[in-house]
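**Student:** Pasted the sequence and its predicted model underneath.
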Amino acid sequence: NNKVTSLDLGSNDLRPEGMKILAETLKDENNKVTSLDLSGNSLEPEGMEILAEALKDENNKVTSLDLRYNRLGLEGMKILAETLKDGNNKVTSLDLRSNNLGTDEIKLIEQTIEFLRKQGREIKIIYMEK
């Protein structure tokens with residue numbers, strides 16, 4: 001019986017193979033993980049695509065997601081934005097600091113926040129260094 005609600009996999013060099021295993025875990029109906037730290041894993045777009053599949057699954061319960069230091073780029077951010085808009089996604093707190101976000105990525109984040117607000121869904125996204 002799984003009781004794990006917080007999972008810190010920061011700086012574990014998960015690569016696509018590790019992300020596939022994690023994704024299957026998050027999609028399991030017995031999954032209870034609500035807080036997920038994937039900082040420093042250099043997910044890049046390929047890893048983000050795998051994570052996105054899990055976050056859009058009805059069994060996913062992640063509400064807090066840390067994606068600092070992951071080199072997501074514009075392609076990865078587009079995948080993430082679409083994931084956040086998905087009806088099954090439950091993320092309400094997201095940390096994107098230290099991803100070298102440019103003007104296009106920041107605009108995408110702001111558009112996503114606005115879209116979610118119009119849907120009555122709130123999300124806190126940290127993306128600027130303090």
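**Tutor:** Here it is on my side, so go on.
**Student:** check contacts around the residue most central in space within the chain.
**Tutor:** Using CA atoms, centre = their mean, the residue of the chain that lies closest to the mean C-alpha position is residue 65, 5.3 Å off. Residue 65 makes contact with 36, 38, 55, 91, 93-95 under the criterion CB atoms under 8 Å, 6 or more residues apart in numbering. Using the backbone N, CA and C atoms, a C-beta is placed for each residue, glycine as well.
**Student:** Give me the pLDDT value at residue 31.
**Tutor:** Per-residue pLDDT puts residue 31 at 95.
**Student:** longest helix in the protein, by residue count?
**Tutor:** Counting by DSSP state H, the longest helix found in the chain is helix 103-118.
**Student:** quick one, helices of the chain?
**Tutor:** Using DSSP H, the helices of the chain run over 15-27, 44-55, 73-85, 103-118.
**Student:** among those, which is the most enclosed?
**Tutor:** The highest mean neighbour count among these, using mean count of other CB atoms under 10 Å, belongs to helix 44-55: a mean of 21.
**Student:** For that one, output the C-alpha coordinates as CSV.
**Tutor:** C-alpha atoms of helix 44-55 as CSV (Å, rounded to 0.1, in the frame of the first residue of the first chain):
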residue,chain,number,x,y,z
GLU,A,44,14.6,19.0,-22.2
PRO,A,45,11.6,18.6,-24.5
GLU,A,46,11.7,14.7,-24.8
GLY,A,47,11.5,14.3,-21.0
MET,A,48,8.8,17.0,-20.8
GLU,A,49,6.7,15.0,-23.3
ILE,A,50,6.9,11.9,-21.2
LEU,A,51,6.0,13.8,-18.0
ALA,A,52,3.2,15.6,-19.8
GLU,A,53,1.5,12.3,-20.6
ALA,A,54,1.5,11.4,-16.9
LEU,A,55,0.3,14.8,-15.8
